[in-house]
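1. Sequence and predicted structure, then a few things I'm wondering about:
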Amino acid sequence: MLDKELRQPELRQDLDPEVVENLERQQIQDVLTGRTHERLETALKVCVRPGNTSENLRFELHGVTADLSRGGCRLILPAPAAVGDVFRIEFESSTPLLPLVFARCLRCRLMREDAFEVGFSFFAPIDLPVDGPGGAPELPG
């Protein structure tokens, strides 16, 4: 019974043929150029809490950024974050001052027993400081 439910031809019938065709034609360069914002590798301290005010004090995770962009970030945290949940992220760096953000967890991957790589998407883009030569963003790290 289970084998019958998981057969590949039946799964593909649920997918829109046009979407499947577009995905099959898509080149790696198309995927790479699809990123909306440039990512900056940096190691800023962060504090992550649940996004709902009623759950804000339930727990907090302290970690560091692996990279940061206007639209999201990748964090290294000591415990997993639930994919799909909304979190409040505070950047603990004093310079430059980055705003408190609300973000949805898009993915979470075990790196080792005490480290998880977690990808977040911000609900609204943030402004990154422009201090570097040619107006390039510069963050401590």
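-> Structure's in. What do you need?
2. Give me the sheet partners of the lengthiest strand in the chain and which way each runs.
-> Criterion DSSP state E: the longest strand present in the chain is strand 101-112. Here strand 101-112 has these sheet partners by DSSP bridges: strand 86-91 (antiparallel), strand 115-122 (antiparallel).
3. what's the closest of these to residue 41?
-> Set against residue 41 and scored by CB to CB, the strands paired with strand 101-112 come closest in strand 115-122, at 13.3 Å. Every C-beta, even on glycine, is put in place using the N, C-alpha and C of the backbone.
4. buried ones in stretch 75-86?
-> Using 16 or more other CB atoms under 10 Å as the test for burial, stretch 75-86 gives 75, 77, 81.
5. nearest to residue 116, of those residues?
-> Among the buried residues of stretch 75-86, residue 77 lies closest to residue 116 (CB to CB), at 5.1 Å.
6. Could you check how many residues crowd around the nearest residue to residue 91 once chain neighbours are set aside?
-> Distances taken as CB to CB, 6 or more residues apart in numbering place residue 98 nearest to residue 91, at 4.0 Å, with adjacent residues excluded. For residue 98, the neighbour count with other CB atoms under 10 Å is 21.
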